[in-house]
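>>> Provide a 3D model corresponding to the input given below.
(4 chains)
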Protein chains: 2
Amino acid sequence: MTATTEPMTDDEIHREIFDAIVGGRLAPGEKLGQDELGKVFGVSKTRIRPILHRLSDQKIVVMEPMRGAFVARPSVEDARAVNAARQIIEEGVIRAATRVAQPQHLKMLREIVAEEQRAREGRNGGRAHRLTGEFHCELARITGNDVVSEVVRELVSRDSLVVALYQRPSSSGCSLGGHADLVDKIEAGDEDAAAHAMRHHLQDVMETLDLGEEGRKSQALAKAFAHLGDKS
Amino acid sequence: MTATTEPMTDDEIHREIFDAIVGGRLAPGEKLGQDELGKVFGVSKTRIRPILHRLSDQKIVVMEPMRGAFVARPSVEDARAVNAARQIIEEGVIRAATRVAQPQHLKMLREIVAEEQRAREGRNGGRAHRLTGEFHCELARITGNDVVSEVVRELVSRDSLVVALYQRPSSSGCSLGGHADLVDKIEAGDEDAAAHAMRHHLQDVMETLDLGEEGRKSQALAKAFAHLGDKS
DNA sequence: CACTTCCAGATCGTATACTATCTTCTGATG
DNA sequence: CATCAGAAGATAGTATACGATCTGGAAGTG
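So this is what the prediction gives:
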């Protein structure tokens, strides 16, 4: 499967790794060896390194000096910061979206919500979570502003790692029906209500996570030493 | 002045180029040769290239395939998109800031406004503009959220290129006293008024620019052929 | 004389080679 | 037996070298 015939552009390689991480196929903390990735994509380290740096800028990957690149393992503080940032930024987004939303936009959102519901009923947690992210991205796209869309996209992708790390095994997906409520508020044209709902929606998402009272630092370690009673 | 003794980290080189561009020492459209930059900083192309790519991700630089890197020359559409994005995002920011602002924060903002005023009276347009950007960044920092600060910082830096390209020679700096008004609204704790003021402030900034009715595409060319009457 | 074609110089993009640093295993020592 | 020092292997970081592509000018042709 090591294709030697396809040139494959840098952006394609980037997207491949990006999707693998956000899609959960690469677990947080996983090592991303340069030579190894180079062989996978049939190119040299020289082209892998900048891509890794780019992923590092996106906070999807961390590069430890002279140690290598790893899939990011956001701390509890990071998780809270990203969520807080989303509360702040997506408030502006949903307000702007509410002002300009057209029926076709609402239809699109409702379709995503419906699919989300179906995925959750089908116990397809991965798909449900992906659709959750898509909902927020699509909401941002209603503003018609690519810059905003890109910012939201980045924040949503960072949140993917957070849920991968801190999701409770019990809770299958995201909040239950919170998105439908948002669409209702947008349709009603009630900007303040929509903004309020968005803030609380994101807070709810945060509360479904298991962030541990004192912050389950490494997760793998915490699980490994659970029998000791976690006295730190 | 070509120091061969200092190793100079990648981030330092990045910041050096970044500041040179945002600070206006490198004009939009300027060529950024890889070998040339390598010699300036006493390193090889290999280290310059990823830095250029990073600046490209930040939209401060554009990389044309097989042609090289150039200081970005944002189009009128780009300018409008960034400004619109700021209206959307900074609305959320100023609302969050209004909710949590402390007296010390207000003091900090007023100091910047005062310095800004002084710079403008001293006909120091460059300094005034830099302080304008700093005001918005400092406002974002009130939220206490680094993610938000970083997003705003990025947007503000992109706007630097916009004003470098499209600023009217007449208007020395940014809006006249718009910032003081924002601080007043924040101090009053009136979230809606603050948000409203922010949106209009950014719109005002946009209107001080000379974006040309049909979009003064290259600026240098437009000036060069002004005598022809610009029939495009 | 104007236009096209071709060649030389320059610069970008990538692979390979080398050096520095970290990790790990082995072996010695308290 | 536990611990620490040292060497070998592996991997990151950087520079150099080579091939590909673009730009600009010179020569050729209608």
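
>>> quick check: A:I17 is in a strand.
No - using DSSP: H, G, I helix; E, B strand; the rest coil, the assignment for A:I17 is helix, not a strand.

>>> what's the longest helix in chain A?
helix A:76-100 (DSSP state H).

>>> what's the following helix or strand past that helix packed up against?
Next along the chain after helix A:76-100, taking DSSP states H and E as the criterion, comes helix A:103-121. Counting contacts by 3 or more Cβ pairs under 8 Å, 6 or more residues apart in numbering or on different chains; DSSP states H and E, helix A:103-121 is packed against helix A:125-142, helix A:178-188. In short, each C-beta sits where N, CA and C put it, glycine included.

>>> comparing these, which comes out most buried?
Ranked by average neighbour count under the criterion mean count of other Cβ atoms under 10 Å in any protein chain shown, the helices and strands packed on helix A:103-121 are headed by helix A:125-142 at a mean of 21.

>>> what about that one, distance to the chain center?
9 Å (Cα atoms, centre = their mean, to the nearest Å).

>>> picking up where we left off before, what about the longest helix of chain A, average pLDDT?
Per-region confidence: helix A:76-100 scores 97 on mean pLDDT.

>>> my guess is A:I51 contacts A:D10. True?
Yes - A:I51 is in contact with A:D10 according to Cβ atoms under 8 Å; the separation is 6.2 Å.

>>> who has more neighbours, the two?
A:I51 (26 against 15; other Cβ atoms under 10 Å in any protein chain shown).

>>> list the buried residues of stretch A:54-72.
Judged by neighbour count (16 or more other Cβ atoms under 10 Å in any protein chain shown), stretch A:54-72 contains these buried residues: A:54-56, A:58-63, A:69-72.

>>> take the residues you listed and keep only those in helices.
Reading helices off the buried residues of stretch A:54-72 with DSSP H, I get A:R54, A:L55, A:S56.

>>> how about low-confidence regions in chain A?
A:1-6, A:170-176, A:213-232 (pLDDT under 70).

>>> and A:E111, how many neighbours?
Neighbourhood size, A:E111 [other Cβ under 10 Å]: 12.

>>> how much space separates it from chain B?
24 Å (Cβ to the nearest Cβ, to the nearest Å).

>>> tell me the contacts of that residue?
For A:E111, the contact set (Cβ atoms under 8 Å, 6 or more residues apart in numbering or on different chains) is empty.

>>> do you know how far it is from A:L131?
10 Å (Cβ to Cβ, to the nearest Å).

>>> pull out the buried residues from the host helix or strand of A:E207.
Using DSSP H and E, A:E207 sits in helix A:191-208. Across helix A:191-208, burial judged by 16+ other Cβ under 10 Å covers A:E191, A:A193, A:A194, A:A195, A:A197, A:M198, A:R199, A:H201, A:L202, A:V205, A:M206, A:T208.

>>> how close does whatever residue of chain A ends up closest to DNA strand D get to A:G33?
The minimum distance from chain A to DNA strand D, using Cβ to the nearest atom of the strand, falls at A:G68 (3.3 Å). As for A:G68, its distance to A:G33 is 6 Å (criterion: Cβ to Cβ).

>>> domain map for chain A?
The record's domain parsing of chain A by automatic domain parsing lists A:10-71, A:76-208.

>>> export these as TSV, with columns for distance to B:H14.
Converted to TSV, the domains of chain A look like this (distance: least, Cβ to Cβ, whole Å):
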stretch	distance to B:H14
domain A:10-71	10
domain A:76-208	19
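
>>> now the ones you listed in JSON lines, with distance to DNA strand C?
As requested, those are exported to JSON lines (distance: least, Cβ to the nearest atom of the strand, whole Å):
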{"stretch": "domain A:10-71", "distance to DNA strand C": "3"}
{"stretch": "domain A:76-208", "distance to DNA strand C": "22"}
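
>>> how about these, which one is nearest B:C137?
domain A:76-208 (14.5 Å; Cβ to Cβ).

>>> ends of that closest one, how far apart?
14 Å (Cα to Cα, to the nearest Å).

>>> residues contacting A:I94?
A:L139, A:L182, A:I186, A:A194, A:A195, A:M198.

>>> closest to chain B among the buried residues of helix A:191-208?
A:A195 (8.1 Å; Cβ to the nearest Cβ).

>>> once you drop chain neighbours, what's closest to the closest one?
Using Cβ to Cβ, 6 or more residues apart in numbering or on different chains and skipping residues adjacent in sequence, the residue nearest A:A195 is A:E91, 4.8 Å away.
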